[in-house]
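Asks: Dropping the sequence and predicted coords here.
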Amino acid sequence: MSKPKYVEFPVGINKRYLDDACYELDRETGTLTISFEGDFYNFPKERAPNLINLLGLETITTLKVLTKSVYMLLFFLLILKMILEKDYLLLWMPLFFAGMIFVFVALYLDEIENYYNISRCKKCDREFAYEEIKKPFIKIVSTYDKYEETTTRYMKCKYCNSEDIKIKIDQRNSKSKPKNINKNRKTCRGCGKKFALVEYRSPDIHFEYPNIFITIRHYKCAHCGYMAISIKYDYVATS
């Protein structure tokens, strides 16, 4: 388990730079914006063309939908067993691991499909032609209502040398609703008052492909206006 990283916003400071990332906080709305340079995408350059040629894009898309449907069915059966039967533990492990297998298969097929779509050159129309020429720009916006991640990738065709920009917006419903501030109060690092720093909204918890859970918590002082966030990365073993 990793330790959380804290970004502090003392009174009068709404923007901080830390570890090559920019953190900006709107105190009136509680909107948090995080901007940083991401990593090159580890495209399945060898596996994707072979699988596309073998099965075809339409088949891969269909298999992806089917695996996701089976996963949802297994999850529903697991919940149903937990509600209706006392000895559900006998089937919990098989259903859980079967569901996880289908999840990873669906993610793998989604990766293949995504690489096919993102790497086709608009100019010469050749498949698997685009390659990244610099690291992507990533912008995360977290509010009470949404959690939006925008990834901008810079591509160049290895055949005709044409360049293109790929923008992907991943918007999810936020669970960052107002929180009971009477629990887990801490000492404020701004004014030093005990039990003044509160977690004023529920954390943003999101799964980032392929195996990372990101948890962002939001804090503010009930007295002096000091605010802070904590960011925690939990890595899930996949092998």
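Replies: Done, it's in.

Asks: pLDDT value on the spatially most central residue of the chain, please?
Replies: Closest to where the C-alpha atoms of the chain average out (C-alpha atoms, centre = their mean) is Glu208, at 3.3 Å. Reading off the confidence values, Glu208 has pLDDT 70.

Asks: going forward, begin numbering at 51 instead of 1
Replies: Happy to do that; since the first residue is 51 now, the last one works out to Glu258.

Asks: Name all residues that make contact with it.
Replies: Ile264 (C-beta atoms under 8 Å, 6 or more residues apart in numbering). C-betas here are computed from N, CA, C, even on glycine.

Asks: Can you give me the domain boundaries for this structure?
Replies: For the chain, automatic domain parsing gives the domain ranges 55-91+178-285, 97-168.

Asks: In terms of mean pLDDT, which of the ones you listed ranks lowest?
Replies: Mean pLDDT is lowest for domain 97-168 out of the domains of the chain, coming in at a mean of 77.

Asks: Would you mind measuring from the residue nearest to the centre of the chain to Cys271?
Replies: 30 Å (C-beta to C-beta, to the nearest Å).

Asks: Next: Ala156.
Replies: In terms of C-beta to C-beta, Ala156 sits 43 Å off from Cys271.

Asks: now do Asn100
Replies: Separation of Asn100 from Cys271 (C-beta to C-beta): 56 Å.

Asks: Next: Tyr165.
Replies: 46 Å.

Asks: Now for this structure: which helix has the highest residue count?
Replies: helix 139-168 (DSSP state H).

Asks: going on from that helix, what's the next piece of helix or strand?
Replies: strand 180-192 (DSSP states H and E).

Asks: Next, the buried residues of that following strand.
Replies: Within strand 180-192, the residues that qualify as buried by neighbour count (16 or more other C-beta atoms under 10 Å) are Tyr180, Glu182, Pro186, Phe187, Ile188, Ile190, Val191, Ser192.

Asks: Check whether the first one really touches Arg170, as I assumed.
Replies: Same thing as Tyr180. Yes. Using C-beta atoms under 8 Å, Tyr180 is in contact with Arg170, at 7.3 Å.

Asks: who's more crowded, Ala156 and Cys271?
Replies: Cys271 (23 against 19; other C-beta atoms under 10 Å).

Asks: May I have the beta-bridge partners of the more buried one?
Replies: According to DSSP bridges, the partner residues bridging Cys271 are Leu247.

Asks: Hmm, it is touching Thr237, no?
Replies: No. Look at Cys271 against Thr237 with C-beta under 8 Å: they stay out of range, at 9.7 Å.

Asks: Check for me that His268 belongs to a helix.
Replies: No. Checked against DSSP: H, G, I helix; E, B strand; the rest coil, His268 lies outside a helix; its state is strand.

Asks: Go through the strand or helix carrying Arg251 and flag the buried ones.
Replies: Arg251 is part of strand 247-258, with elements assigned from DSSP H and E. Neighbour-count burial for strand 247-258 flags Leu247, Val248, Glu249, Tyr250, Arg251, Ser252, Pro253, Asp254, Ile255, His256 (criterion: 16+ other C-beta under 10 Å).

Asks: What separation do you get for the last one and Ala156?
Replies: If you measure His256 against Ala156 using C-beta to C-beta, the figure is 17 Å.

Asks: next one: the second one
Replies: Note on Val248: its distance to Ala156, by C-beta to C-beta, is 39 Å.
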